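1. please work out how this folds:
(2 chains)
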Amino acid sequence: QVQLVESGGNVVQPGRSLRLSCAASGFSFNDYAFHWVRQAPGKGLEWVAVISYDGSDKYYADSVKGRFTISRDNSKNTLSLQVNSLRVEDTAVYYCARAFVVGATNFDYWGQGTLVTVSS
Amino acid sequence: QSVLTQPPSMSAAPGQKVTISCSGSSSNIANNFVSWYQQLPGTAPKLLIYDNNKRPSGIPDRFSGSKSGTSATLGITGLQTGDEADYYCGTWDTSLSAGVFGGGTKLTVL
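-> The predicted structure follows:
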């Protein structure tokens, strides 16, 4: 069955970095685009970034542009999000989600999320 | 402030019908497909409607979606207590080259 499992969340100080991962299984990973979506405690969903099926197209929310980098390794069925220069407002549960193409938000499968807490 | 606008909360009695609106613009809803998600407390969002009005396998036909111009609507009929959740609309914004969500609607079934 389709599974997306995030990892890498942690408690970090402002300005530090983290690398989040999303391990996929149960389907053909390189047929899909992948998005990161985050949710701050008690708040709504915020779209973060997307990468195309082959990694050639990437787009970011303005709030993370220049600090976050999305990537994928199709040989390892893994999606990653490098998060640098973390700010308190980046505190959130980060979800990876599958979609058919970059410009679609029909996320049919989501991971369980990984919590990033940015605090001094 | 979310790009897409939803009512923050709605309530209705069991068995009744509710419609949740999602308002956007020409750069997002009007020219892209809309999806709807249900999020129960402590869980990941779940896809309810995609491509404006299609239901994934396993989603009951009590849930429906529609779109007209720059607005979209989620309809839920025969409300059940288990439908109490947060509901989000989402789409792609062509001008921003970014995904966008509504702020979410907390549905109470009382």
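2. I'd say residue A:98 and residue A:109 touch.
-> Yes. The pair residue A:98 / residue A:109 is scored as a contact, 4.6 Å apart, by Cβ atoms under 8 Å. C-beta coordinates here come from the backbone N, C-alpha and C atoms, glycine included.
3. overlap in contacts, the two.
-> A:2, A:4 (Cβ atoms under 8 Å, 6 or more residues apart in numbering or on different chains).
4. what sits against residue 21?
-> Going with chain A. Applying Cβ under 8 Å, 6+ apart, the residues contacting residue A:21 are A:6, A:7, A:8, A:78, A:79, A:80, A:81.
5. actually chain B
-> By Cβ under 8 Å, 6+ apart, the neighbours of residue B:21 are B:6, B:7, B:71, B:72, B:73.
6. if I look at the first one, how far off is residue A:10?
-> With distances taken as Cβ to Cβ, to the nearest Å, residue B:6 is found 32 Å from residue A:10.
7. more neighbours: which of those two?
-> Neighbour totals were compared for residue B:6 and residue A:10, and residue B:6 leads with 24 against 13 (other Cβ atoms under 10 Å in any protein chain shown).
8. the nearest residue to the more buried one once chain neighbours are set aside - how many residues pack around it?
-> Counting by Cβ to Cβ, 6 or more residues apart in numbering or on different chains, residue B:6 lies nearest to residue B:102, which is 3.8 Å off, once chain neighbours are set aside. Residues near residue B:102, counting by other Cβ under 10 Å, number 28.
9. got the contact list for residue A:22?
-> A:4, A:5, A:6, A:7, A:34, A:78, A:79, A:80, A:81, A:96, A:111.
10. surely the second one is within a strand?
-> Yes. According to DSSP: H, G, I helix; E, B strand; the rest coil, residue A:5 belongs to a strand.
11. pretty sure it is touching residue A:112, no?
-> Yes. Between residue A:5 and residue A:112 there is a contact under Cβ under 8 Å: 7.0 Å.
12. quickly list what residue B:65 is bridged to.
-> Per DSSP bridges, the residues bridged to residue B:65 are residue B:74.
13. count of residues packed around it?
-> 23.
14. thinking again about what came up before, can you put the contacts of residue A:21 in CSV and add distance to residue A:55, secondary structure and neighbour count?
-> Listed next are the contacts of residue A:21 as CSV, based on distance: Cβ to Cβ, whole Å; DSSP: H, G, I helix; E, B strand; the rest coil; neighbours: other Cβ atoms under 10 Å in any protein chain shown:
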residue, distance to residue A:55, secondary structure, neighbour count
A:6, 19, strand, 23
A:7, 20, strand, 12
A:8, 19, coil, 16
A:78, 12, strand, 16
A:79, 10, strand, 28
A:80, 11, strand, 20
A:81, 13, strand, 26
